[in-house]
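# Fold the following and give me the result.
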Amino acid sequence: MRRFLEVFVCLCVALFVESLFKRFHIPVTVIDLLLFAISALIFFLIVSHYFSDRSSAVTKKRIGSKRLLNLLTFLSVCFFVLLALSIIYLGVSEPLTIFTGVKGAAHGYTLVITGVTIIFVTVSGIYFRVSSKNA
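Next up is the predicted model:
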C-alpha cells in the first residue's frame, strides 16, 4: 500500500507541474526536468570520482580476456559517441521543438544536455580505463 501511495504522489506532482507549465506557457516538460536532474547527478558523481582516492580498475580476472575487454570498450565507445553526436545534432538543429516519443516529450535543448552527458560519461570511462591501465 505504501508503494502505491508513493507512485500516486509522484504522478500527482508530475501532473501538477505539467499543468503549471501549460497554464503559464513555459516550454518545459517533466522529462526535461528529470533528464536535467539525472545529468546533473551524473556530472556530480563523475567529477567527485575524479578527485577521490579510490581506484576503479577493471581487472582481467573479472572480464576474462584482455582482447575481449579492449574490443568491448572500443565498440561501446563508438556506439555511445555516435549516439551522443546524433542526439546533439537533433537538439542543436531545433532547440525549442518538442520531440515526442512513447514515454513522453522533451525539447531540443534537453537532447543537447543528454548528448553532452553521454559524451562526458564515455570520455570519463576512457580516462578511467587508460589511467587504471597505466597505474
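
# Show me the strands in the protein, by range?
According to DSSP state E, the chain carries its strands in the segments 98-100, 105-107.

# Same list as before, these that is, but in TSV and with mean pLDDT included.
What follows is the strands of the chain, written out as TSV (pLDDT from 0 to 100):
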stretch	mean pLDDT
strand 98-100	80
strand 105-107	81
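
# Out of those strands, which one sits most buried?
strand 105-107 (a mean of 20; mean count of other CB atoms under 10 Å). Where C-beta positions appear, they are placed from N, C-alpha and C, glycine not excepted.

# got the contact list for that strand?
Where contact means CB atoms under 8 Å, 6 or more residues apart in numbering, the residues beyond strand 105-107 that reach it are 27-29, 31-32, 35, 95-99, 114.

# Now the buried members of those residues.
In terms of neighbour count (16 or more other CB atoms under 10 Å), the buried residues within these are 28-29, 31-32, 35, 97, 99, 114.

# Kindly reformat the contacts of strand 105-107 as CSV containing distance to residue 127.
Below are these laid out as CSV (distance: CB to CB, whole Å):
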residue, distance to residue 127
27, 35
28, 33
29, 33
31, 29
32, 29
35, 24
95, 29
96, 34
97, 34
98, 35
99, 31
114, 20
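
# Residue 73: which of the strands of the chain is closest?
Nearest to residue 73, of all those, is strand 105-107, at 29.2 Å by CB to CB.

# how far does that closest one sit from the chain's center?
On the basis of CA atoms, centre = their mean, to the nearest Å, strand 105-107 sits 15 Å off its chain's mean C-alpha point.

# who does that strand pair up with?
Here strand 105-107 is paired, per DSSP bridges, with strand 98-100 (antiparallel).

# And the partner strand, how far out from the chain middle?
The answer for strand 98-100 is 18 Å, by CA atoms, centre = their mean.

# Kindly report the same for stretch 121-135.
On the basis of CA atoms, centre = their mean, the separation between the geometric centre of stretch 121-135 and that of its chain is 18 Å.
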